[in-house]
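> I need the structure of the sequence given here:
(one chain, ligands or ions: 1)
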Amino acid sequence: MNNYLSQKYFIFMIPCNHPRYESLMLRSRIEEGVKNGIVHPTGLIAHGRGEAFDYLIGEKTQKFAENAIKAGVAYLKIAENPVISVNGNTAILSAEEIVKLAEKIKAKIEVNLFHRSEKRIKKIISFLEEKGGKNILGIEGDARIKGLSHDRAICSYDGIYSGDVILVPLEDGDRCEALKKMGKVVITVDLNPLSRTARNADVTIVDNVVRAMPALIKQFEKIKNPEEIIKKWNNEKNLQIALDFICSRLRKFYRNYNLNLL
Ligand code: ATP
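Here you go, the predicted model:
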């Protein structure tokens, strides 16, 4: 069965009024991404971890994410050389929005993979080009992120290496830390407020990338006072708000669950 048919088949199997329709459709996209070589098989596991946290935040863009989105946009607005770093999961879930956001903020797009292979980089670049992306970096791999060993250090000199503000959705903790040590401002989208990436970034948007990317685009026109937003921004405090929100939701679930048993 080719990709198109298997996708259709899945749509047929999942009625759109299924309570988990959107989540199942995202799973299906990731699954297709693995089949066509855009997503690394471990991307399935990363997606699953994300899903669990999305469940806990109510599968909605919460206030703490809205505030982080505004802070992220503020940093991107004052950036001199912004770069959007794209991996397989981000590409398959948000290619169109990545291209649109890059156009708006005049950012470079770099395909940068933890499990690097030329074949997969080329596939992701073509996929982004199909959505209108231009001059996408990544294949040259002519620089290294300092302090990291192996292929996961490879990056593009004109992209991540020389960029000042890097938007890295769904990043690995080690690489986020290394980018920080290189003096970059790091903005991430990560559903897990406890991950090392979330804790190391300058701005952590605790939200699903499929909701965060369109929200970043929308906010771009609205933010007129980036310096003021940045001055007030406290990522640690915002992560604490996200964690408190999850805890209070869990407490409510527990109470309701007990009531249902009575
Ligand atoms: P770290 O190394 O930062 O401690 P990790 O080992 O969990 O974290 P990875 O598996 O490399 O990191 O990255 C996946 C991260 O992306 C996870 O924290 C996961 O919650 C998050 N994630 C997965 N899918 C999404 C998504 N659709 N939107 C936002 N975040 C997501």
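> SS state for the residue nearest the centre of the chain?
Central residue of the chain (C-alpha atoms, centre = their mean): P169, 2.6 Å from the mean position. The three-state label given to P169 by DSSP: H, G, I helix; E, B strand; the rest coil is coil.
> and the residue nearest to it when sequence neighbours are not counted, what does it touch?
Once flanking residues are discounted, P169 sits nearest to V189: 3.9 Å by C-beta to C-beta, 6 or more residues apart in numbering. C-betas here are computed from N, CA, C, even on glycine. V189 makes contact with L167, P169, L170, T204, I205, D207, N208, V209, A212, M213 under the criterion C-beta atoms under 8 Å, 6 or more residues apart in numbering.
> so what's V189 bridging to?
I205 (DSSP bridges).
> list the buried residues of the one helix or strand D54 maps to.
Per DSSP states H and E: D54 is located in helix 42-56. Neighbour-count burial for helix 42-56 flags G43, A46, H47, G50, E51, F53, D54, L56 (criterion: 16 or more other C-beta atoms under 10 Å).
> ok, stretch 246-256 next?
Quick answer for stretch 246-256 (16+ other C-beta under 10 Å): I246.
> report the mean per-residue pLDDT for it.
For stretch 246-256, the mean per-residue pLDDT is 85.
> hmm, that stretch in reach of the ligand?
No: Stretch 246-256 does not reach the ligand (C-beta under 6 Å from any ligand atom); its nearest approach is 12.6 Å.
> quick one: residues in contact with that stretch.
Under C-beta under 8 Å, 6+ apart, the answer for stretch 246-256 is F53, L56, I57, G58, P193.
> who's in contact with the second one?
By C-beta under 8 Å, 6+ apart, the contact set of L56 is I246, R249, L250.
> got it, and the fourth one?
Going by C-beta under 8 Å, 6+ apart, G58 touches R249.
> what sits closest to the residue in the stretch 1-150 of the chain positioned nearest to the ligand if chain neighbours are left out?
In the stretch 1-150 of the chain, the residue that lies nearest the ligand is G50 (2.5 Å; C-beta to the nearest ligand atom). Of all residues not flanking G50 in the chain, L191 sits nearest, at 4.4 Å (C-beta to C-beta, 6+ apart).
> surely that neighbour and K60 touch.
No: if you go by C-beta atoms under 8 Å, L191 and K60 don't touch, sitting 11.9 Å apart.
> hey, where'd the strands end up in this structure?
Applying DSSP state E to the chain gives strands spanning 82-86, 108-111, 143-144, 154-155, 165-167, 185-189, 203-205.
> quickly list what the residue nearest to K106 when sequence neighbours are not counted is bridged to.
Of all residues not flanking K106 in the chain, P82 sits nearest, at 7.4 Å (C-beta to C-beta, 6+ apart). Taking DSSP bridges as the rule, P82 bridges to V165.
> contacts with the ligand among the contacts of V189, please.
Answer for those near the ligand (C-beta under 6 Å from any ligand atom): L170, N208, V209.
> closest to Q240 out of these?
Closest approach between those and Q240, by C-beta to C-beta: N208, at 20.3 Å.
> residues touching the nearest residue to the closest one once chain neighbours are set aside, list them.
Spatially, and ignoring its direct neighbours in sequence, N208 is nearest to D54 (5.3 Å; C-beta to C-beta, 6+ apart). Residues in contact with D54 (C-beta under 8 Å, 6+ apart) are S23, L191, N208.
> returning to that earlier point: closest to V34 out of the ones next to the ligand among the contacts of V189?
The closest of the ones next to the ligand among the contacts of V189, once distances to V34 are taken by C-beta to C-beta, is L170, at 15.1 Å.
> the closest one: what's it in contact with?
A46, G50, N87, N89, T90, T188, V189, D190, V209.
> how close does the residue in the stretch 151-262 of the chain positioned nearest to the ligand get to G133?
Closest approach between the stretch 151-262 of the chain and the ligand, counting by C-beta to the nearest ligand atom: G173, at 2.9 Å. Distance, G173 to G133, using C-beta to C-beta, to the nearest Å: 27 Å.
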